[in-house]
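# Below are the sequence and a predicted model for it; my questions follow.
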There are 2 protein chains.
Amino acid sequence: MALATITDAEFLARCTEVFRTYGFEGATISRISAATGLEKGSLYHRFPGGKEEMALAVAAGVVEWFKTNVFDVLKQAGPPQKRLRAASEQLRSFYAEGTKSCILDLLSIPSGGPELAAGLKGALQAWQKAFAEISQESGYGPGEARRRAEDAIMRMEGSLVLSRVLNDSKLFHRALDELGSTLLQPA
Amino acid sequence: MALATITDAEFLARCTEVFRTYGFEGATISRISAATGLEKGSLYHRFPGGKEEMALAVAAGVVEWFKTNVFDVLKQAGPPQKRLRAASEQLRSFYAEGTKSCILDLLSIPSGGPELAAGLKGALQAWQKAFAEISQESGYGPGEARRRAEDAIMRMEGSLVLSRVLNDSKLFHRALDELGSTLLQPA
DNA sequence: GTCTATATTAAGATAGAC
DNA sequence: GTCTATCTTAATATAGAC
């Protein structure tokens, strides 16, 4: 049989799916091996630090993805409504129409070390900042914009939990569709 | 050394803490043993079905608690605002001021069997129904009341995730404090 | 860089004494 | 009803061949 071959990017993507589906404790080396097609020995070659290092790489990868596909999109040219809609569609895709969970939710369950916890916290704060900026740009004051950004993410995260429990992504789509009215001041 | 002794209620309470802190996969028999003071053999005496049965008991216990301390409180006599405030304080206590996670969140991560998943879904629907009822009672139509109930729970769940990630329960308290304006029509 | 093989530890679960 | 002891399987991780 030919040796398994997989790019770093594809590896990280599949790894991310395992962590966001099963959480840190449930993301076993066996599951990661099955998902990536790499044997255990190869996994530890790529990540000598084991599972903890894999989770850190996953978290860093997601942060990078958000920077490129959400935060930067929010800063593009054009009216805030349009930019937010573009970012919303990226989020819809990232969460696979509400069928996949948030890494912030699943990886924040106690198990990973303090470095992972700090990374998640930083990622969430960056998200809050990005949402607060476009909210403020639409006309709200700094405090109100911040409050609205927190509210928007709260609704996103909650909708993902409820969509998972109910096995129905209706509420995820609602939360996404209402991002505009939550974040932006009517023109 | 004297034999360990613990009431069923106390046992279930400690068991619940383990599951809601670590999730299904992270709630190991060893952790449950440590938390309850019972050795593994004793755990399997009480729950021949093992971890799955323990998780089911935990879920059933939480549903029972919600019925008594939240749903029934919402149906007491008096103005809706007052009843909702009373229920809110029960929720504040259940989530320990936002420092503890929701069982719906942690136990809905794939791992438990279909019976557990069905139980969680039923519990969530009961919660939605209880919130929708008091919302409708305050004057909203059935559809709007249902929408507001979903919104309220979405915010609660999201706030708990964010509070956990940020290690700051500010958003949990906000979500709770805004339950009235989310659910009830102004008088 | 991937593989097989293996070591070590922990997890889930059971048997049977007390 | 709880305990100790044990079993089996799986999980994390490492060594070394290819």
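Structure's in. What do you need?

# Tell me the pLDDT of the closest residue to A:Gly113 other than its chain neighbours.
Nearest non-adjacent residue to A:Gly113, counting by CB to CB, 6 or more residues apart in numbering or on different chains: A:Glu52, 5.8 Å away. C-betas here are computed from N, CA, C, even on glycine. For A:Glu52, the pLDDT comes out at 98.

# got it, and the one 4 residues further on?
Note for A:Leu56: predicted pLDDT of 98.

# all helices for chain A, in order.
Using DSSP state H, the helices of chain A run over A:8-26, A:29-36, A:40-46, A:50-66, A:72-74, A:80-94, A:103-107, A:114-137, A:142-166, A:170-177, A:179-183.

# wait, does the second one contact DNA strand C?
I take that to be helix A:29-36. No: judged by CB under 7 Å from any atom of the strand, helix A:29-36 stays clear of DNA strand C, getting no closer than 7.9 Å.

# Could you give the number of residues near the residue of chain A found nearest DNA strand D?
For chain A, the residue closest to DNA strand D is A:Gly50, as judged by CB to the nearest atom of the strand, at 2.4 Å. Residues within reach of A:Gly50, counting by other CB atoms under 10 Å in any protein chain shown, total 11.

# Output the set of residues of chain A in proximity to DNA strand C.
Within reach of DNA strand C by CB under 7 Å from any atom of the strand, chain A has these residues: A:3-6, A:37-42, A:45-46.

# From A:Glu52, how far out is the closest residue to A:Ser33 other than its chain neighbours?
In this structure, A:Ser33 finds its nearest non-sequential neighbour in A:Lys40, 5.6 Å apart by CB to CB, 6+ apart. Applying CB to CB, to the nearest Å, the value for A:Lys40 to A:Glu52 is 16 Å.

# More neighbours: which of these two?
Between A:Lys40 and A:Glu52, counting by other CB under 10 Å, A:Glu52 is the more crowded of the two (15 against 11).

# ok, that one - contacts?
A:Glu52 makes contact with A:112-113, A:115-116 under the criterion CB atoms under 8 Å, 6 or more residues apart in numbering or on different chains.

# What is the burial count for the residue in chain A that DNA strand C sits nearest to?
Taking CB to the nearest atom of the strand, DNA strand C has its nearest neighbour within chain A at A:Gly41, 2.3 Å off. Residues lying near A:Gly41 (other CB under 10 Å) number 8.

# now A:Arg92
16.

# Also A:Phe131?
A:Phe131 has 27 nearby residues by other CB under 10 Å.

# So which residues on chain A come close to chain B?
Contact residues, chain A versus chain B (CB under 8 Å from any CB of the partner chain): A:21-26, A:101-102, A:104-106, A:108-111, A:117, A:120-121, A:124-125, A:150-151, A:153-159, A:161-162, A:164-167, A:171, A:174-175.

# measure stretch A:33-47 end to end?
From its first residue to its last, stretch A:33-47 covers 13 Å (CA to CA, to the nearest Å).

# Stretch A:67-76 now?
Terminal residues of stretch A:67-76 lie 12 Å apart, using CA to CA.

# avg pLDDT for that stretch?
98.

# so how far is it from its chain's centroid?
14 Å (CA atoms, centre = their mean, to the nearest Å).

# Can you list the neighbours in contact with that stretch?
Residues outside stretch A:67-76 that contact it (CB under 8 Å, 6+ apart): A:83-84, A:86-87, A:90-91, A:94, A:126-127, A:130-131, A:133-134.

# Okay, buried residues for that stretch please.
A:69-71, A:73-74 (16 or more other CB atoms under 10 Å in any protein chain shown).

# cool, and stretch A:76-90?
Quick answer for stretch A:76-90 (16+ other CB under 10 Å): A:80, A:83-85, A:87-88, A:90.

# One more: stretch A:173-184?
Across stretch A:173-184, burial judged by 16+ other CB under 10 Å covers A:174-176, A:179-180, A:182-184.

# how long is that stretch end to end?
18 Å.
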